[in-house]
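K.L.:
I would like the atomic coordinates for the input below:
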Amino acid sequence: MSTSGMVNPKLWSISSNFSLVTALAHLEKYKHFIKWKPNASILEIGFANGFNSSRSLVPMLPHDYKEFIATDISQDMLEDARESCVIPRSSIMQMDVTENIPNEFRERFDHIFSFFTLHRVKNPRKAFENVHKMLKPNGMMFLSFFERSPVDDIFVRLAEHPKWCKYKQDNMVSTYFHSESPRDEYIRDLEAASFKNYLFNVETESYSYSSEKEFDDSLIAVNGILPHVEDKDYNEYIQDYLDEKYRSQVFRMTNKNGTTNVSFSSNLFVVIASKS
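P.N.:
I've put the predicted structure just below:
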């Protein structure tokens with residue numbers, strides 16, 4: 001994934017309930033499309049610290065799988081995963097799915113999964129091409145990712161901020177945020193990568209945060225710009241970043257009995273494809 005990964009593993013773990021709930025829902029709804037191969041080799045792209053997958057994907061793995069390889073671009077996330085995740089027959093490694101893949105990964109995997117990652121990949125066509133190369137013949141991939149991330153408009157505005165534009169806020173914006181049809185863009189990328197047999201569905205998901213603090217924590221946890229912000233700017237940047245939520249066109253904020261409630265709805269893509 002050629003962009004900054006999530007950088008606060010502990011905060012991510014306590015504020016990523018939406019990701020977990022949604023991954024569980026998508027796996028349950030589409031599980032009949034997952035035809036597990038015997039002695040399967042399985043890869044996940046965008047594993048982060050494993051909080052999501054260890055509670056959603058891993059419990060549904062077949063008992064006879066051969067290996068589970070978890071990858072992410074963020075070394076911080078993977079270090080936390082090594083400390084907190086115990087998955088049988090697994091290994092954890094850093095990988096950018098848009099770069100050259102290891103030779104030993106070519107046609108190695110029966111199943112490739114990814115959740116909440118592809119919308120942040122700046123070269124999705126290359127990512128699809130690499131997934132195609134890593135799959136065995138008749139192997140399948142299962143992806144779930146945002147059409148547009150709920151925080152896109154926040155980073156678009158910060159990219160135009162006279163003080164914060166220097167931190168390349170555009171790197172956090174979904175690849176096809178400005179496109180009239182992200183779906184059509186991704187389908188073109190998918191087909192250009194030689195995927196012919198695929199399902200491409202749109203799922204609208206809604207979520208209400210338990211508190212404004214949970215919401216703020218989730219905003220901080222997903223901000224890959226933070227490691228690049230200078231110490232002298234850090235506190236001011238965080239405050240301006242969190243204040244942008246009040247201008248968001250996505251998040252709905254209501255106040256009841258002195259308590260602020262935050263909710264949102266967003267479209268996600270579920271893509272299931274096989275390598276012919």
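K.L.:
Contacts only, for the closest residue in space to Glu244 that isn't next to it in sequence.
P.N.:
The shortest distance from Glu244 to any non-neighbouring residue, by C-beta to C-beta, 6 or more residues apart in numbering, is to Ile154 (4.4 Å). C-beta: built from backbone N, CA, C; applies to glycine. Neighbour list for Ile154: 219, 241, 244-245, 247-248 [criterion: C-beta atoms under 8 Å, 6 or more residues apart in numbering].
K.L.:
Report all helices and strands that the worst-scoring helix or strand of the chain on mean pLDDT contacts.
P.N.:
Using mean pLDDT, DSSP states H and E, the weakest-scoring helix or strand in the chain turns out to be helix 9-15, at a mean of 74. With contacts defined as 3 or more C-beta pairs under 8 Å, 6 or more residues apart in numbering; DSSP states H and E, the packing partners of helix 9-15 are helix 75-84, helix 212-221.
K.L.:
so of the ones you listed, which one's packed in deepest?
P.N.:
helix 212-221 (a mean of 19; mean count of other C-beta atoms under 10 Å).
K.L.:
Which parts of this structure are strands?
P.N.:
Ranges of strands in the chain, per DSSP state E, are 41-45, 67-72, 90-94, 109-115, 135-146, 197-208, 252-256, 259-274.
K.L.:
which stretch in these has the least confidence?
P.N.:
Among the strands of the chain, strand 252-256 has the lowest mean pLDDT, at a mean of 91.
K.L.:
what is the orientation angle of it with strand 197-208?
P.N.:
Angle, strand 252-256 to strand 197-208, by axes from the mean of the first three to the mean of the last three C-alpha atoms, to 10 degrees: 20 degrees.
K.L.:
Give me the sheet partners of strand 252-256 and which way each runs.
P.N.:
Using DSSP bridges, strand 252-256 pairs in its sheet with strand 259-274 (antiparallel).
K.L.:
Enumerate the positions of the partner strand that are buried.
P.N.:
Within strand 259-274, the residues scored as buried using 16 or more other C-beta atoms under 10 Å are 262, 264, 266, 268-274.
K.L.:
Widest-spaced pair of the contacts of Ile154?
P.N.:
Leu219 and Arg247 (13.2 Å; C-beta to C-beta).
K.L.:
Indicate which one of the helices and strands packed on helix 9-15 is closest to His111.
P.N.:
helix 75-84 (19.1 Å).
K.L.:
Any chance you could list what contacts the closest one?
P.N.:
By C-beta under 8 Å, 6+ apart, the surrounding residues in contact with helix 75-84 are 5-10, 12-13, 47-51, 70, 72, 92-94.
K.L.:
now that helix, how far from the chain's geometric center?
P.N.:
Its chain's C-alpha centre lies 16 Å from the corresponding centre of helix 75-84 when counted by C-alpha atoms, centre = their mean, to the nearest Å.
K.L.:
List every C-alpha atom in the least confident helix or strand of the chain, with coordinates, as PDB.
P.N.:
Listed next in PDB are the C-alpha coordinates belonging to helix 9-15 (Å, rounded to 0.1, in the frame of the first residue of the first chain):
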ATOM      1  CA  PRO A   9      -1.700   0.400  17.300                       C
ATOM      2  CA  LYS A  10      -3.000   0.700  20.800                       C
ATOM      3  CA  LEU A  11      -5.400   3.500  19.900                       C
ATOM      4  CA  TRP A  12      -6.500   1.600  16.800                       C
ATOM      5  CA  SER A  13      -7.400  -1.400  18.900                       C
ATOM      6  CA  ILE A  14      -9.700   0.500  21.200                       C
ATOM      7  CA  SER A  15     -11.400   2.600  18.500                       C
END
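K.L.:
ranges for the helices of the stretch 101-250 of the chain?
P.N.:
124-134, 152-159, 182-192, 212-221, 231-243 (DSSP state H, counting those that start in this stretch).
K.L.:
Least confident of those, on average?
P.N.:
The bottom spot among the helices of the stretch 101-250 of the chain, by mean pLDDT, belongs to helix 212-221, with a mean of 92.
K.L.:
contact partners of it?
P.N.:
Under C-beta under 8 Å, 6+ apart, the answer for helix 212-221 is 6, 8, 11-12, 14-18, 151, 154, 209, 226, 238, 241-242, 245, 251, 259-262.
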